[in-house]
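>>> Structure for this input, please:
(one chain, ligands or ions: 1)
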Amino acid sequence: MRRLHRPTRARVLLALTIAAVSFAAACDPPPPEPAPASPPAGAPDPATFACPVVGATYTDNYGPRGSGFHAGLDMFQTFGSDEVAVGPGRVTYAVEDAGGNAAYLWADDGNVYYYAHMWFFIGDSNRRVTKGETIGILGASGNATAPHLHFEIRLGGANGPTMDPYSTLVAAGC
Ligand SMILES: [Zn+2]
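Below is the predicted model of the structure:
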């Protein structure tokens, strides 16, 4: 003769435990607000930062893109707009497949600021520039479908880690 299935003591205990845990979870206080992300070491100071292209339209689009990673910010502005050095340093120019006519600003703060898709360069490569000095003219060279500046912050050097430039640009009034 078959025994009827009856809940065992263990099953009852388990059910009570689940109920108690659920109740506790429901009554937990909300998690604390996440602390605002502090800027990474070596991040540029917005107070001394010049907007690389004035009046641009842009969003916070640094981050994963498709299977890759978009290491900078796209600042859309009309063909022919000035692009300026965000700080004092040395500028070098390069013609690249993806970046097109690109500039590297080896800034005095130790960072390298990368400017891609210029229409053309202004001035000689490997020269000293001051903050706000025009270094190029905005265009759509390289892998670009609309005129914009692709701007990157590379911490500590050309091969250093990148950071999201958005908050720096916004804080700089850009
Ligand atoms: Zn871009």
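>>> Chain neighbours aside, what residue packs nearest to residue 45?
With C-beta to C-beta, 6 or more residues apart in numbering as the criterion, residue 45 has its nearest non-adjacent residue at 7.6 Å, and that residue is residue 109. Using the backbone N, CA and C atoms, a C-beta is placed for each residue, glycine as well.
>>> tell me the SS of the one you found?
Per DSSP: H, G, I helix; E, B strand; the rest coil, the local secondary structure of residue 109 is coil.
>>> Isn't it up against residue 86?
No: the pair residue 109 and residue 86 does not pass the contact test of C-beta atoms under 8 Å, sitting 9.4 Å apart.
>>> The two - which one has more neighbours?
Using other C-beta atoms under 10 Å as the criterion, residue 109 and residue 86 rank with residue 86 on top: 28 against 18.
>>> ok, now how distant is the more buried one from residue 164?
15 Å (C-beta to C-beta, to the nearest Å).
>>> do residue 100 as well
Counting by C-beta to C-beta, the gap from residue 100 to residue 164 is 22 Å.
>>> and what of residue 141?
24 Å.
>>> Comparing those two, which residue is more hemmed in?
Remark: of residue 141 and residue 164, residue 164 carries more neighbours, 21 against 17, as counted by other C-beta under 10 Å.
>>> so who does the more buried one touch?
Residues near residue 164 by C-beta atoms under 8 Å, 6 or more residues apart in numbering: 60, 62-63, 73.
>>> mind running it again at 6 Å?
By C-beta atoms under 6 Å, 6 or more residues apart in numbering, the contact list for residue 164 reads residue 62.
>>> gap between it and the ion?
From residue 164 across to the ion, the span is 12 Å (C-beta to the ion, to the nearest Å).
>>> Can you tell me who the residue of the chain found nearest the ion pairs with across the strands?
Proximity of the chain to the ion (C-beta to the ion) peaks at residue 150, 3.4 Å away. Beta-bridge pairing of residue 150 under DSSP bridges involves residue 74, residue 116.
>>> residues near it, how many?
By other C-beta under 10 Å, 22 other residues sit near residue 150.
>>> Over to residue 108?
Counted with other C-beta under 10 Å, the neighbours of residue 108 add up to 12.
>>> My guess is it contacts residue 86. True?
No: using C-beta atoms under 6 Å as the test, residue 108 is too far from residue 86 to be in contact (11.0 Å).
>>> Alright, I will stop here.
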